[in-house]
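J.: Provided below for reference: sequence and predicted model.
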Amino acid sequence: MIYVPKYRRHLYLSPPAPTRIIRTIAQLTESTRKRPDIDEYMMSIAVGVRARANCKGSHVGAVLAREGHIVSTGYNGTPRGTVNCDEGGCERCSNRDEYPSGTGYDLCICVHAEQNALLSAARFGIAVEGSLLYSTWRPCFGCTKEMLQAGVQGVRYGVDWEPREELREEYARLQSYFPEGVKKIELRENQASDPEHKAQP
């Protein structure tokens, strides 16, 4: 028999109580746990990649995957070896009041998350043909063209983005060329926005 000092006896539960607690926790865990499908799984990783973004305008993360396996990731920010956007590296992003929404892209040096995923794969000699791209935001015109050219088969995205109204028909036509389509994946409430996330210009 183990001696327990009187002044500490109130800290100990009788044997049946811990057993009931453990059983209850196990039941709750089993009843609430849901294994994510492959799209949810990949999108959750894209959300994690987004945390590395350093653009002043928006934070976006992207993942390229083939047959359910990640081949490359990317987030938006300035090119390798240059000053980060959030440290003043991009003229357009640092002076946003001077450039109305949708203008000044020829001055913006930030590389989009989807572009970075493609370029990282190319840099290390990884084939992306036949892959799916997961992005926390729906890709823009430029990224869509580049993915089609690289042989990406489809897009899964978290947050909607649309160009100006007069360009939406052409945007929809361009994205219709992905053999596996462009589909929205619903993000969980805590994934939908980043603490530093701002509206895309």
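T.: Thanks, I have it. Keep in mind that what you see is a predicted model, and the values were worked out from it rather than measured.

J.: residue ranges of the strands in this protein, please?
T.: For the chain, strands defined by DSSP state E occupy the ranges 61-66, 69-75, 132-137, 154-159, 182-184.

J.: Deepest in the core, which of those is it.
T.: strand 132-137 (a mean of 28; mean count of other CB atoms under 10 Å). Where C-beta positions appear, they are placed from N, C-alpha and C, glycine not excepted.

J.: Would you give the sheet partners of it, along with the direction of each?
T.: strand 61-66 (antiparallel), strand 154-159 (parallel) (DSSP bridges).

J.: Nearest to Gly181, out of these?
T.: strand 154-159 (5.4 Å; CB to CB).

J.: where does the nearest residue to Cys93 once chain neighbours are set aside sit relative to Glu170, distance-wise?
T.: Among residues not flanking Cys93 along the chain, Lys56 sits closest, at 4.2 Å (CB to CB, 6 or more residues apart in numbering). Distance, Lys56 to Glu170, by CB to CB, to the nearest Å: 28 Å.

J.: Compare the two and say which is more crowded by neighbours.
T.: Lys56 (20 against 11; other CB atoms under 10 Å).

J.: so what's the more buried one up against?
T.: 85-86, 90, 93-94, 96, 198 (CB atoms under 8 Å, 6 or more residues apart in numbering).

J.: Now list the buried members of the residues you listed.
T.: The neighbour-count criterion (16 or more other CB atoms under 10 Å) marks 85-86, 90, 93 among the contacts of Lys56 as buried.

J.: can you count the residues close to Ala53?
T.: Ala53 has 25 neighbouring residues, counting by other CB under 10 Å.

J.: Turn the strands paired with strand 132-137 into JSON lines, columns for distance to Trp137 and mean pLDDT.
T.: Listed next are these as JSON lines, based on distance: least, CB to CB, whole Å; pLDDT from 0 to 100:
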{"stretch": "strand 61-66", "distance to Trp137": "9", "mean pLDDT": "97"}
{"stretch": "strand 154-159", "distance to Trp137": "5", "mean pLDDT": "96"}
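
J.: Those strands: which one's closest to Leu118?
T.: Closest of those to Leu118 is strand 61-66, at 7.2 Å (criterion: CB to CB).

J.: Would you mind writing the CA trace of the closest one as PDB?
T.: What follows is strand 61-66, C-alpha atoms only, in PDB (Å, rounded to 0.1, in the frame of the first residue of the first chain):
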ATOM      1  CA  GLY A  61       0.400  29.900 -50.800                       C
ATOM      2  CA  ALA A  62       0.500  27.200 -53.500                       C
ATOM      3  CA  VAL A  63       1.200  23.500 -53.800                       C
ATOM      4  CA  LEU A  64       1.900  21.400 -56.900                       C
ATOM      5  CA  ALA A  65       1.000  17.700 -56.500                       C
ATOM      6  CA  ARG A  66       1.100  14.600 -58.700                       C
END
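
J.: what about stretch 127-136, how long is it end to end?
T.: One end of stretch 127-136 sits 22 Å from the other (CA to CA, to the nearest Å).

J.: Thanks a lot, see you next time.
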